[in-house]
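**Q** build me a structure from this.
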Amino acid sequence: MTAFAQATKTDQALLLEARSKYDAPFSKSLQSFDCAVDFNWKQHWMDTLRVGDEGTDEEIEKFIQPIHNRVKVSSEDAILSNGMTEEQEHKLPHGGMAEGLLEHAVRFSLRTWLVASNNALLPPAATPVHFESSATGYKMVFKIRTFDVEMVLTHDLSLQRMGVKDSNDDRQEFEFRPGPQGFLLGSLTMGEDGTFKPGNRMIFTYTYQVVDGFQIPAQMVVNRESHHEVWRYSLNDCKVTTSK
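**A** Numbering: from 1, shown residues only. You can find the predicted model right below:
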């Protein structure tokens, strides 16, 4: 009976069911969260091919490592603050390049997470879609402008892959894990400049912490294969703001 009931669901009903399976804290009462960014530059140089423009070890230890960054994440963006003026940042070694690179990595990874946490990976509920059963679950096809987009989902409607239909280059791969309020993004892999191949991928991984009942990122890793860069940071001392 369960298999029969599942088979008779319409495409739109399956899309609505899929959308309901994902943790989307900003659709509830979460307005924002504010956290300290914990980043270790010595560890970073062990993981990353160093260019040299970021500053010497002594400059990093004296001027850059002591900077206290915090990030405020809302449904719309992730904004970093370090308590410094623009003039003070420009007076840092090499014009503050190291601090700027860290800020970019944090914002990029959290903005990527926001797409999933806003339930914006799946198409909106009213989007015309077509589901087909597959050996591993489902394939869902829909249009974005002139492109046919295909999503591959498991039997429990966890997203595994999406991209332009019949294209191996323009795609993204995902790993979602179950959470108390729904699926949580564990990893996302994409190709730089739309070219998905080993050595040219951006790989984001996320672990979570519970703050006031919400699952928010705790540790993040950004692996940029083309530049041999790995950025690891954690969010601590987090404060949550909710709607009343």
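**Q** residues contacting residue 55?
**A** The neighbours of residue 55, taking C-beta atoms under 8 Å, 6 or more residues apart in numbering as the test, are 63, 64, 93, 94, 97, 98. In this view, the C-beta of every residue, glycine as well, is placed from N, C-alpha and C.
**Q** please convert the buried members of the residues you listed into PyMOL selection syntax.
**A** Buried subset of those, written as a PyMOL selection, criterion 16 or more other C-beta atoms under 10 Å:
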select buried, resi 63+64+93+94+98
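**Q** the contacts of residue 55: which two are farthest apart?
**A** 63 and 97 (11.6 Å; C-beta to C-beta).
**Q** would you point out the helix or strand in this structure whose mean pLDDT is lowest?
**A** The weakest-scoring helix or strand in the chain, judged by mean pLDDT, DSSP states H and E, is helix 2-7 (a mean of 48).
**Q** shouldn't residue 180 be in contact with residue 208?
**A** No: Residue 180 is beyond contact range of residue 208, at 10.3 Å (criterion: C-beta atoms under 8 Å).
**Q** buried set for stretch 56-63?
**A** 60, 63.
**Q** average model confidence for that stretch?
**A** For stretch 56-63, the mean per-residue pLDDT is 92.
**Q** how about stretch 213-228?
**A** In the prediction, stretch 213-228 has an average pLDDT of 96.
**Q** residue nearest the middle of the chain, spatially speaking?
**A** residue 113 (2.6 Å; C-alpha atoms, centre = their mean).
**Q** from memory it sits against residue 186, does it?
**A** No: Residue 113 lies out of contact with residue 186 (C-beta under 8 Å); the separation is 10.8 Å.
**Q** okay, and the common contacts of the two?
**A** residue 206.
**Q** OK, contacts around the residue nearest to the centre of the chain?
**A** 185, 204, 206, 217, 220.
**Q** ok, now which ones touch the last one?
**A** Looking back up the chat, that one is residue 220. Per C-beta under 8 Å, 6+ apart, neighbours of residue 220: 106, 109-110, 113, 204-207, 231-235.
**Q** over to it: give its phi and psi.
**A** In terms of degrees, to the nearest 10, the main-chain angles of residue 220 are phi -130, psi 150.
**Q** measure it to residue 71 for me?
**A** Separation of residue 220 from residue 71 (C-beta to C-beta, to the nearest Å): 11 Å.
**Q** coming back round to it: so the residue nearest to the centre of the chain belongs to a strand, correct?
**A** No: under the criterion used here (DSSP: H, G, I helix; E, B strand; the rest coil), residue 113 is helix, not part of a strand.
**Q** what's the overlap in contacts for residue 180 and residue 208?
**A** What both residue 180 and residue 208 touch, as defined by C-beta under 8 Å, 6+ apart, is the set residue 215.
**Q** quick one: which of the two has more around it?
**A** Taking other C-beta atoms under 10 Å, residue 180 and residue 208 do not tie; residue 208 has more neighbours (17 against 9).
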